[in-house]
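Trainee: mind folding the following:
(2 chains)
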Amino acid sequence: MVQYNQTRFDASFAALSDTTRRGVLEQLGRSDASITDLAEKFHMTLTGMKKHVSVLEQAGLVTTEKVGRVRTCRLGLGRLQEEAEWIDRYRQLWDARFDALDKIVEELNEKEKIDGRKK
Amino acid sequence: MDAKNETGASPARGRTNVERTSDLELVVRRSFDAPARIVFEAWSKPELFKRWWAPAAGVPLLSCDMDVRTGGKYRLEFGHDSANSFAFYGKYLEVIPNARIVWTNDEGEEGSVTTVTFEEKDGKTLLLLRDVYPSKDALDEAMTSGSTSGYVVQFEQLDELLVALGTRA
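Mentor: Now for the predicted structure:
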């Protein structure tokens, strides 16, 4: 489990290595904000803030959504959690299938026992 | 599904265990209270297979063609009618009766190769299913988008089932 997480941790740590980006995360922890809001709060140009947000987005720490002309940023689930949720859904799919398979297997097993007794 | 707050894939829930064992591979485990030949039979006969592969009442399985032998092909079509259907298809790379089935998933661009083995012990069968993707990116892509592997549709179907089961209980 450790090895495959490495690159994701690397991306997360790289994203977190910058004071502004840590500040942005802290800010988004309090409330969602547009790139313009963030740029003002951190005394930066829009372009500069866009770059920071995009690094955070690539690390899965932030998600953004554009509505009209405003791009709103919020804290992301994080890749690890996303992956855990996907795996859980995958597990539920197989669990549902195998519950159904279990019933059929039981049916066949019973039938075989009855047939075996008849012989 | 309201288990959103839980992190991790809690294998304790249900009787099916799933683990991502490497960059490329997912492993599913489950045990059945029957000999391997019976589990294999339920997996390899289309009339039985279609009763459990699509457990949801939502999207029906329109057709199920399976030629379960080495080199044989399969094609499963889901949908309400043939105009609105989607298909899963591929071929069987290896079939050893009562022991092992290996097949490709060719509906996506970088589909996985799935191997299922049936291991019998004291009259019970341990089923081990491995889904191996051609690259780390392919598995990551399947996980983030879900669309390439067709899981999204299957999961939507499963969601419907879970909702239906929830309302019945």
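Trainee: what's around B:Ser22, how many residues?
Mentor: 15 (other C-beta atoms under 10 Å in any protein chain shown). (C-beta placed from N, C-alpha, C; glycine too.)
Trainee: just say helix, strand or coil for it.
Mentor: Assigned with DSSP: H, G, I helix; E, B strand; the rest coil, B:Ser22 falls in the coil class.
Trainee: so what's the nearest residue to B:Arg75 once chain neighbours are set aside up against?
Mentor: Distances taken as C-beta to C-beta, 6 or more residues apart in numbering or on different chains place B:Tyr89 nearest to B:Arg75, at 4.2 Å, with adjacent residues excluded. Neighbour list for B:Tyr89: B:73-76, B:106-107 [criterion: C-beta atoms under 8 Å, 6 or more residues apart in numbering or on different chains].
Trainee: buried subset of the residues you listed?
Mentor: The neighbour-count test (16 or more other C-beta atoms under 10 Å in any protein chain shown) marks B:74-76, B:107 as buried among these.
Trainee: what about the residue nearest to B:Arg75, distance to B:Val116?
Mentor: 17 Å (C-beta to C-beta, to the nearest Å).
Trainee: hmm, back to that, could I get the contacts of B:Tyr89 in a markdown table, plus columns for distance to B:Arg51, secondary structure and pLDDT?
Mentor: As requested, the contacts of B:Tyr89 are exported to a markdown table (distance: C-beta to C-beta, whole Å; DSSP: H, G, I helix; E, B strand; the rest coil; pLDDT from 0 to 100):
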| residue | distance to B:Arg51 | secondary structure | pLDDT |
| --- | --- | --- | --- |
| B:Lys73 | 21 | strand | 97 |
| B:Tyr74 | 16 | strand | 96 |
| B:Arg75 | 18 | strand | 94 |
| B:Leu76 | 13 | strand | 90 |
| B:Asp106 | 24 | coil | 92 |
| B:Glu107 | 22 | coil | 85 |
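Trainee: what's the most distant pair in the buried ones among the contacts of B:Tyr89?
Mentor: Across the buried ones among the contacts of B:Tyr89, the longest distance by C-beta to C-beta is 11.2 Å; it joins B:Tyr74 and B:Glu107.
Trainee: tell me the centre residue of chain A?
Mentor: Centroid check for chain A by C-alpha atoms, centre = their mean gives A:Glu82 as the closest residue, at 2.2 Å.
Trainee: ok, the contacts of B:Tyr89 vs chain A, which is closest?
Mentor: Taking C-beta to the nearest C-beta as the measure, chain A lies nearest B:Leu76 of these, at 12.6 Å.
Trainee: pairing partners for that closest one in the sheet, please.
Mentor: Per DSSP bridges, residues listed as beta-bridge partners of B:Leu76: B:Cys64, B:Phe88.
Trainee: list the contacts of it.
Mentor: B:Leu76 makes contact with B:50, B:53-54, B:61, B:63-65, B:87-89, according to C-beta under 8 Å, 6+ apart.
Trainee: please apply the same query to A:Gly23.
Mentor: Shown in contact with A:Gly23 (C-beta under 8 Å, 6+ apart): A:Phe42.
Trainee: what strand or helix carries it?
Mentor: Assigned by DSSP states H and E, A:Gly23 falls within helix A:19-30.
Trainee: show me which residues of that helix are buried.
Mentor: By neighbour count on 16+ other C-beta under 10 Å, the buried set for helix A:19-30 is A:21, A:24-25, A:27-28.
Trainee: ok, so of those, who is nearest chain B?
Mentor: After measuring the buried residues of helix A:19-30 against chain B - C-beta to the nearest C-beta - the closest member comes out as A:Leu25, at 18.0 Å.
Trainee: quick one: the closest residue in space to the closest one that isn't next to it in sequence from chain B, how far?
Mentor: Once flanking residues are discounted, A:Leu25 sits nearest to A:Leu61: 6.4 Å by C-beta to C-beta, 6+ apart. Per C-beta to the nearest C-beta, to the nearest Å, A:Leu61 is found 15 Å from chain B.
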